[in-house]
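K.L.:
fold the following for me, if possible:
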Amino acid sequence: MDTKYLFIKDNTWVFRIRIPKELQFYYENNKEYLKSTKAHKDNLEDAHKVRNYLLSKIKLQFDYLRNELKAGNIKTKAEKLAIENKLKIQQARKETPDLLSEVQADAVDDALQFIELDERQKTNPNKIDAILKSDTTGKAKEYIDNISNKSFTSFLDEFEKENKRDKIKARGLDQKISKLKAFSKYHSTIDGIDRPLVVKYKNYLFDKKGLTPKTIGGYLNPLGQYWDFLADSIGVKEAQQGNPFRDIKLPKHLPGKRLAWRAKYFGDGVDDVKDLLETKSSSLNSNLKHAIIIAMFTGARIEEICSIKKDDIKSHQQVKCIYFSATKSDRYHSFGRRYVPIASQYNDLIKKLINETPGDYLLNETVLKKYNKRSHYLSKRFGKHKEKCGHSKKEIKTSNLDKEISFRDFHSFRPTLNTFFKRQGLDASFRSALCGWKEDRSKSMADDVYLKLEQAYPYHKRKQDIETIIKLYSWFNSNYY
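P.N.:
Model prediction:
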């Protein structure tokens, strides 16, 4: 029989398992967990039974602690003791009602480590009530809330699993969880959450954190979803009284405005895109330069460009095109998924990338960052390079309602082309087809318009219109790539 997790000490089998490094703090910084099986060295069969029981128990404990660490719940002595007692309560619940009552009573008694009972409360028959009324620091309440699942984040794991079942994308889910944890730092328990508290939290985000009303709405929405989950899926009584996170009135504010790149063609006196390609910086590598050139003639988003595969360079209606496949705009209309004719001014660049770039993608950016976004690396580079060229960082957090937020970013190539085509007298639906958006941002008729344009706006004509973009970039030539 095997002796894994076992060794002999003083003629007795002892259970031993290594404690994961990230959990050692919980075990007084010990690297190993040791426990006697009380089985004699000649009785390996009994040692196995005890070992299997201890192994199951300790692994359950490890998993629980990891989840608590992930949720950010292990911070104070009260929380550490609460976790320890919750584990004991979970184990006792599987055994006998008497043992469960005894363990729960011991867990409540442990709250006395944080307070000294007020003389008037020593005769109170309700021990929990007596403890809470004697608590002047909040430590005992924090502990009681934790062992009784009253912590606001008590059901975060279950909420996360529910969202995964609903196929919520990783990025959206992480954003939800971060908003819930942010609120738990402001108010840590389920108790006491009502509309006046939520209004105070809204004002705190606006006045102290300087967030825009739109961003504040992005905080309150997942909080409302979590509250509904507590009411409907968990049955938390406090949450079943109504949802205080819904329909909170937010201050009015001026929406941000994305500007087109300045150009001498527009009468601005400067050519921003020329500066982007000529200004030297550590951020402007060949990949970023090539992405900028493709954006100049397509107006595509950086994620769309980074996702172009060599197989996406194909002939459509006998015109060489870039095919942009699934995009962010798919949920609005079909213009995002489109063929864009390749202008002759950068056709040689496309040939070069196909022949020289290793792998399947047009741009040699193979590092997939979080959420499987290929553009993460270049987005960061572009932001730094843009600032180097004198364009300020986009203000996304400001509660100054009197200030109109305007900015330029990579996506400014799209309004730049739209402005150019508008000045060229191009019909709005044609501009939409070339730029991959609808100017009025409405979904109605978008798909029908897309299908009609396949015939009404043939691709040889689209290429002719795209070729005129060189008027906007009269300075551009093959030396830039």
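K.L.:
where in the stretch 1-150 of the chain is pLDDT low?
P.N.:
Along the stretch 1-150 of the chain, segments meeting pLDDT under 70 span 1, 72-78, 149.
K.L.:
show me where it has its strands.
P.N.:
Using DSSP state E, counting those that start in this stretch, the strands of the stretch 1-150 of the chain run over 6-9, 12-18, 32-40.
K.L.:
contacting residues around Glu32?
P.N.:
Arg16, Ile17, Arg18, Ile19 (Cβ atoms under 8 Å, 6 or more residues apart in numbering). Bear in mind the C-beta positions are built from the backbone N, C-alpha and C, glycine included.
K.L.:
quick one, which of the residues you listed are buried?
P.N.:
Arg16, Ile17, Ile19 (16 or more other Cβ atoms under 10 Å).
K.L.:
hey, what's the first one bridged with?
P.N.:
This means Arg16. Leu34 (DSSP bridges).
K.L.:
go ahead and confirm it touches Leu6.
P.N.:
Yes: contact criterion Cβ atoms under 8 Å: Arg16 and Leu6 qualify, at 7.2 Å.
K.L.:
output the contacting helices and strands for the one helix or strand Asp465 maps to.
P.N.:
Here Asp465 sits within helix 459-467, counting by DSSP states H and E. Applying 3 or more Cβ pairs under 8 Å, 6 or more residues apart in numbering; DSSP states H and E, we find helix 459-467 packed against strand 319-324, strand 338-341, helix 428-435.
K.L.:
list the helices and strands the shortest one packs on?
P.N.:
Based on contacts counted as 3+ Cβ pairs under 8 Å, 6+ apart, the elements that strand 338-341 packs against are strand 319-324, helix 459-467.
K.L.:
okay, the ones you listed in TSV with distance to Asp311 next?
P.N.:
Shown next, in TSV, are those (distance: least, Cβ to Cβ, whole Å):
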stretch	distance to Asp311
strand 319-324	9
helix 459-467	18
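K.L.:
tell me the most buried of those?
P.N.:
Greatest average neighbour count among the helices and strands packed on strand 338-341 goes to strand 319-324 (a mean of 18), per mean count of other Cβ atoms under 10 Å.
K.L.:
so what strands line up beside that one?
P.N.:
Sheet pairing for strand 319-324, assigned by DSSP bridges, gives strand 313-316 (antiparallel), strand 338-341 (antiparallel).
K.L.:
if I look at Cys321, how far off is Leu288?
P.N.:
Separation of Cys321 from Leu288 (Cβ to Cβ, to the nearest Å): 23 Å.
K.L.:
if we can go back for a sec, would JSON lines of the helices and strands packed on strand 338-341 with mean pLDDT be doable?
P.N.:
Below are these laid out as JSON lines (pLDDT from 0 to 100):
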{"stretch": "strand 319-324", "mean pLDDT": "94"}
{"stretch": "helix 459-467", "mean pLDDT": "95"}
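K.L.:
many thanks, we can stop here.
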